[in-house]
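Participant: this one's structure only:
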């Protein structure tokens, strides 16, 4: 599996099946990691878009954008269901 160096804390799972299993990362957690390293939110998003998503690796990692805490809280309130927030 291809992994993104320095982003182990952002791994939220992996895909199964197909040609090769792939690591799944939280896009939002990756941005947060970059911000903890000193980037602004704009710099972190730009870095992700150009240097990570822009690499277009075949069978590379999957980057999942989290719906955010507000949406999850709304869903829990509306549906009465507790979601695993990882």
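Facilitator: Happy to help now that I have it. Just so you know, these numbers come straight off a predicted model, no measurement behind them.
Participant: Report the separation between residue 61 and residue 4.
Facilitator: Note on residue 61: its distance to residue 4, by C-beta to C-beta, to the nearest Å, is 6 Å. C-beta: built from backbone N, CA, C; applies to glycine.
Participant: ugh, wrong one, I meant residue 42
Facilitator: Distance, residue 42 to residue 4, using C-beta to C-beta: 20 Å.
Participant: Need the residues touching each of residue 61 and residue 4.
Facilitator: Common contact partners of residue 61 and residue 4 (C-beta atoms under 8 Å, 6 or more residues apart in numbering): 23, 25.
Participant: Find the residue at the geometric middle of this protein.
Facilitator: Centroid check for the chain by C-alpha atoms, centre = their mean gives residue 26 as the closest residue, at 1.5 Å.
Participant: surely it meets residue 8?
Facilitator: No. Shown here, residue 26 and residue 8 do not form a contact pair, counting by C-beta atoms under 8 Å, at 11.6 Å.
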